[in-house]
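> Take a look and give me a structure for this.
(2 chains)
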Amino acid sequence: MFAVENGLQGDPRLQTISDAIRVIPHFPKTGIMFQDITTLLLDPVAFKHVVDIFVDRYKHMNISLVAGVEARGFIFGPPIALAIGAKFVPLRKPGKLPGRVISEEYELEYGNDRLEMSMEAVKTHERALVIDDLVATGGTLSASINLLERAGAEVVECACVVGLPKFKGECRLKGKPLYVLVEPSQLD
Amino acid sequence: MSGNKEEEDPRINGIKTKIRVVPDFPKKGIMFQDITTVLLDPKAFKDTIDLFVERYRDKNISVVAGIEARGFLFGPPIALAIGAKFVPLRKPKKLPGETIFEEYELEYGNDRLEMHVGAVEAGDRALVVDDLIATGGTLCAAINLLERVGAEVVECACVIELPELQGRQRLKGKPLCMLVEYR
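Purely as a prediction, here's the structure:
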């Protein structure tokens, strides 16, 4: 579900956010129009809009845990967690987290990768939000949902700044709703 | 905050008790300072950010540079609170646009830190943020990147310092602010 479909139609902040994202063609390989959010981070007003919109949506949903996917989920997740009084849990590439971890494999275009979470991160029945900068195939978010559910958390929603148009409407990932601010920006 | 015990803010002890020390990670002999347990405590995490924001909000900082990946946990909340831009300093080949890089030494071999061209401008007043300072090699590389594009590095800010590794001496004369020492 996109923000415009859920009460934010005509909200000028969405255009500001969209305009602040830079498109880099053919990165990391030919054919991909990469959505570069680093230019959004250079615009304190636009960056704050992103956080404010998510905080407004989630502050009354009793979320106790915000999980962010390494590395760009680390940029958007903590400000949201801090504002809603939730803990932040980093979901990381293999070998980065110390202590006991659980891990979940997911598919890439060629081969697999793995996401890890600390076993101490979740108390059972916590209500969790998963954050990443962008959703394309949904593979990383699905792995994140799996990790949190295996640890006993209830994933309330997944939230991304950018999402492909196929995520409009009632589209769900592993049965969980998805909330997206903007569609991919186009090259000028 | 840094090393001035008589004035230590009461929030600092709360943060210190939340840091988990994990022995022999990532390899034998290293006492790993795990800040993820600070992030699990909303009050401790908020106190960490508040302490830095209180220090920097009136210092006219225009850019906060965070070192991948744990610098990304602390830098953006600080940047948002003080109205500065946030610039991620990343491992090679992660940033999609045109970049400049700075090499730095590891125990065995070298690594590189990259920054997007155009993200930081001449005259920007910069704060560099990471979770921890050990030898200071990464922070030094960050300072070099920022100075090469004409920014003035005002200070480096870390949650934890390992003072025995003397990283403070490798910051090209820039001051360091830290909250917690680990000896």
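> CA atoms only: put stretch B:24-35 into PDB for me.
Taking C-alpha atoms only, stretch B:24-35 is exported to PDB below (Å, rounded to 0.1, in the frame of the first residue of the first chain):
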ATOM      1  CA  ASP B  24      36.900 -13.400  21.700                       C
ATOM      2  CA  PHE B  25      34.700 -11.700  19.000                       C
ATOM      3  CA  PRO B  26      35.400 -11.500  16.100                       C
ATOM      4  CA  LYS B  27      38.500 -13.400  17.100                       C
ATOM      5  CA  LYS B  28      40.400 -14.500  20.100                       C
ATOM      6  CA  GLY B  29      41.700 -11.900  22.400                       C
ATOM      7  CA  ILE B  30      39.300  -9.100  21.300                       C
ATOM      8  CA  MET B  31      36.800  -7.900  23.900                       C
ATOM      9  CA  PHE B  32      34.100  -6.800  21.600                       C
ATOM     10  CA  GLN B  33      32.100  -3.700  22.600                       C
ATOM     11  CA  ASP B  34      28.500  -4.500  21.600                       C
ATOM     12  CA  ILE B  35      26.300  -1.400  21.400                       C
END
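> Mind listing what's buried along it?
Using 16 or more other C-beta atoms under 10 Å in any protein chain shown as the test for burial, stretch B:24-35 gives B:25, B:33-35. Every residue, glycine included, has its C-beta placed from N, CA and C.
> Make JSON lines from the residues you listed and add secondary structure, distance to chain A and pLDDT to it.
Output for those, formatted as JSON lines (DSSP: H, G, I helix; E, B strand; the rest coil; distance: C-beta to the nearest C-beta, whole Å; pLDDT from 0 to 100):
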{"residue": "B:25", "secondary structure": "coil", "distance to chain A": "4", "pLDDT": "96"}
{"residue": "B:33", "secondary structure": "strand", "distance to chain A": "9", "pLDDT": "98"}
{"residue": "B:34", "secondary structure": "strand", "distance to chain A": "5", "pLDDT": "98"}
{"residue": "B:35", "secondary structure": "coil", "distance to chain A": "10", "pLDDT": "98"}
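> What is the nearest of these to residue B:178?
residue B:33 (11.5 Å; C-beta to C-beta).
> the bottom helix or strand of chain A by mean pLDDT?
Ranked by mean pLDDT, DSSP states H and E, the weakest helix or strand in chain A is strand A:172-173, scoring a mean of 92.
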